[in-house]
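[1] turn this into a model:
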Amino acid sequence: MPKTICFKNIGELIQVESAGPPKIRIQRNCALVVKDGQVLDVLANAGIRPKSYDEVIDLKKRSVVPGFVDCHTHLIYAGERKEEMVARIQGSTYLEALEEGGGILQTVRETREATEKELYLGARKRMVKMMALGTTAFEIKSGYGLDYETEMKMLKVGHKLRKSLKVPITLTYLGAHAVPPEMNKAAYLETIIGHLKEFRELADGIDIFCERGAFSVTDLRRLFLQARLMGFQIRAHVEELSHSGGCYHAARLGALSCDHLEHALPKDLRAMQMSGTTAVLMPGVTFFLANSQLPPVHTMIEKGIPIALATDCNPGSSPVYNMQTVLYMAAHMYRITPEQAISAATLGSAKALGQEEHFGGLLPDQQADFLVLKTDDYRDLFYYFGDNLVQTVYRKGNVLSGEQP
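    Here you go, the predicted structure:
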């Protein structure tokens with residue numbers, strides 16, 4: 001039987017109506033009605049009839065915001081790269097580490113050696129932490145195998161996580177993350193394309209790292225044209241460390257998202273604007289790698305390009321679990337407003353996954369995935385930092401993490 005729950009006495013309810021341009025709705029002293037896991041209505045507290053609901057929960061004047069959607073992660077991996085971090089602090093660069101056989105390739109070696117169970121337990125532990133911090137939907141990429149067997153193993157782990165944790169997980173095949181040391185690029189790209197059919201059975205989307213030392217625009221076009229024929233969602237790591245032109249071509253080929261974009265040019269933004277492609281931004285990477293180049297965020301917003309925020313959680317360039325940290329960094333590094341940032345971390349990120357109709361805005365008929373904060377002002381997420389401001393995480397109206405108020 002469908003269950004109807006009334007969450008009353010909400011001090012401040014944030015609903016996200018649009019990601020491009022960002023727009024939120026703030027309602028105060030109200031109640032959220034959830035039926036069978038979906039948002040049914042928002043009422044004034046005075047309009048509540050307790051006998052109409054199966055359960056009434058008092059949120060005690062707290063602020064309620066949509067659950068965070070982390071639309072770009074690399075959560076399935078083995079090992080760490082602390083030595084690389086120390087070397088970078090002393091002046092080494094990310095590309096130098098890759099060229100010397102470290103970087104991604106170090107994680108590849110350790111991930112290949114790990115068992116499926118070890119990868120599952122490690123990723124599950126990370127995700128449980130992230131859910132406690134407010135993330136209610138994820139994207140997870142492969143890409144630390146760079147061979148058929150390990151990439152398949154990683155995506156199978158993704159399916160086990162989806163089944164066991166019961167949160168939305170979009171799986172992306174990122175075979176074109178780097179070139180494995182045992183093959184040349186041309187031969188490896190042929191291998192990726194040759195196995196697309198098998199990977200389509202496990203992955204929702206496909207991705208490529210288009211960058212000097214990795215893959216070219218020609219490689220991107222060839223891979224994406226094949227992937228589109230097989231029904232993959234398209235995403236792309238582009239314009240991160242230098243400008244390649246990958247963003248322009250990915251958008252022209254219908255990419256749902258172009259990610260990073262620190263070196264994006266006006267031509268790239270026009271292509272994204274025309275295609276409706278979402279810009280996925282990850283300030284944690286900029287901070288951790290001590291980069292000075294920022295993506296042209298304000299131009300994107302002016303052009304109406306949907307903006308998303310994500311952790312890019314990975315062992316080499318952004319070992320961060322906390323979307324609250326990402327929100328804070330985005331506001332203060334990009335100089336965007338709390339409204340713009342909260343929109344990007346929720347509905348914008350859902351749009352990057354093609355899921356904006358289902359979750360991300362806490363709107364009627366969407367899944368009731370939301371956070372009860374420890375405060376009555378959602379702007380505290382951008383004012384105080386270094387603390388967990390999430391008290392309770394709800395998924396489809398049920399407690400996912402934390403204590404019920």
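
[2] residues touching the residue nearest to M130 when sequence neighbours are not counted, list them.
    Computed as C-beta to C-beta, 6 or more residues apart in numbering, the closest residue to M130 that is not its neighbour in sequence is Y321, at 4.8 Å. Yep, even glycine has a C-beta here, placed from its N, CA and C like the rest. By C-beta atoms under 8 Å, 6 or more residues apart in numbering, the contact list for Y321 reads R126, K129, M130, L133, T311, C313.

[3] let me know the closest of the residues you listed to A352.
    Distance to A352, by C-beta to C-beta, is smallest for T311 among the contacts of Y321, at 13.1 Å.

[4] wait, a strand at that closest one?
    No: counting by DSSP: H, G, I helix; E, B strand; the rest coil, T311 is not part of a strand but coil.

[5] that one contacts L281, doesn't it?
    No: using C-beta atoms under 8 Å, T311 is not in contact with L281, being 11.1 Å away.

[6] ok, the residue nearest to R112 when sequence neighbours are not counted - contacts?
    Nearest non-adjacent residue to R112, counting by C-beta to C-beta, 6+ apart: T150, 5.0 Å away. Listed by C-beta under 8 Å, 6+ apart, the contact set of T150 reads V108, T111, R112, Y144.

[7] what secondary structure does the residue nearest to M130 sit in?
    With three-state DSSP as the criterion, Y321 reads coil.

[8] may I have the predicted confidence score for it?
    Looking at Y321, its pLDDT is 96.

[9] please report phi then psi for it.
    phi -100, psi -20 (degrees, to the nearest 10).

[10] what does the one 5 residues further on give?
    Main-chain torsions, V326, degrees, to the nearest 10: phi -60, psi -40.

[11] same check on the one 4 residues further on?
    Note on A330: its backbone torsions stand at phi -60, psi -50 [degrees, to the nearest 10].

[12] quick one: it from M323, how far?
    10 Å (C-beta to C-beta, to the nearest Å).

[13] identify the contacts common to these two.
    Common neighbours of A330 and M323 (C-beta under 8 Å, 6+ apart) are L309, A345.

[14] rewinding a little: any idea which of the contacts of Y321 is the one closest to Y248?
    T311 (26.0 Å).

[15] residues contacting that closest one?
    D70, H72, T73, M130, M282, G284, S318, V320, Y321, N322, M323, V326.

[16] phi, psi of it?
    phi -80, psi -30.

[17] confidence score at it?
    T311 is given a pLDDT of 98.

[18] swap in E83?
    Model confidence at E83 (pLDDT) stands at 85.

[19] what do you get for G213?
    86.

[20] same check on the one 4 residues further on?
    Per-residue confidence for V217 comes out at a pLDDT of 98.

[21] report the separation between L400 and N388.
    15 Å.

[22] more neighbours: which of these two?
    L400 (22 against 14; other C-beta atoms under 10 Å).

[23] helix, strand or coil for that one?
    Strictly by three-state DSSP, L400 counts as strand.

[24] please name the nearest non-neighbouring residue to it.
    V393 (4.5 Å).
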